[in-house]
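**Student:** Have a look; sequence and predicted model below, questions after that.
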Amino acid sequence: EAAVTQSPRSKVAVTGGKVTLSCHQTNNHDYMYWYRQDTGHGLRLIHYSYVADSTEKGDIPDGYKASRPSQENFSLILELASLSQTAVYFCASSHSGEEQYFGPGTRLTVL
Amino acid sequence: SQLAEENPWALSVHEGESVTVNCSYKTSITALQWYRQKSGEGPAQLILIRSNEREKRNGRLRATLDTSSQSSSLSITATRCEDTAVYFCATDAGGSALGRLHFGAGTQLIVIP
């Protein structure tokens, strides 16, 4: 069954540490996205990618890097995690950039 | 400031009643999407309505779009307990920004059995 999976589902990190969030999709979609969601807020776009080996900055890219090594995989990297990056992170994939299929999310807590 | 905003912030209805969530947005769009997010899950698309459409239906769901007033609504008829969720509108400016959605903060809907 086509799906978007994320790992880990939950993570506790220390301030200043490196964090890598992974996303894998079996939808055969070219478009992939990383969003963050803060409690009581909507989703904000961090990075996205239209094709493997290429990434683009979204609306809030500062403090984040992204990597798209293949069509199926898209990673979000926090080189120096900060308290303000505590949030739930969602990955999504899309065929045409329209309907986006979201993963279950990763809850990140930075202490 | 947010480019899309839902209202009300929260509402509750009894099962079987109808409910409407409104959305206002601030930019030119090629499409507006409605998503639902149940607790502990990622959002799931309900309806996509393009800028040249005025109304779109999907089962018990009906979305309207008024580009002149930059507003949209999502109506749910015959609500069920499983409709309890947060409902988001998301705007898509299209073109080179295709797929760069801007979400509102959402409306929390509670359906009471």
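**Tutor:** Received, thanks. For clarity, every value in this text was computed on a predicted model and none was experimentally measured.

**Student:** Within the helices and strands, which one has the one residue sitting closest to the centre of chain A?
**Tutor:** For chain A, the residue sitting closest to the mean C-alpha position, by Cα atoms, centre = their mean, is A:Trp34 at 3.2 Å. Using DSSP states H and E, the secondary-structure element containing A:Trp34 is strand A:31-37.

**Student:** Adjacent strands (with direction) for that strand?
**Tutor:** strand A:43-51 (antiparallel), strand A:87-94 (antiparallel) (DSSP bridges).

**Student:** and of those, who's closest to A:His24?
**Tutor:** Taking Cβ to Cβ as the criterion, strand A:87-94 is the member of the strands paired with strand A:31-37 that comes nearest to A:His24, at 8.6 Å. Every residue, glycine included, has its C-beta placed from N, CA and C.

**Student:** Within its sheet, name the partner strands of whichever helix or strand comes after the closest one and how each one runs.
**Tutor:** Towards the C-terminus, the helix or strand next in line after strand A:87-94, according to DSSP H and E, is strand A:101-102. Neighbouring strands of strand A:101-102 in its sheet, by DSSP bridges, are strand A:87-94 (antiparallel).

**Student:** where does the strand it pairs with sit relative to the chain's centre, distance-wise?
**Tutor:** Average the C-alpha atoms of strand A:87-94, do the same for its chain, and the two points are 5 Å apart (Cα atoms, centre = their mean, to the nearest Å).
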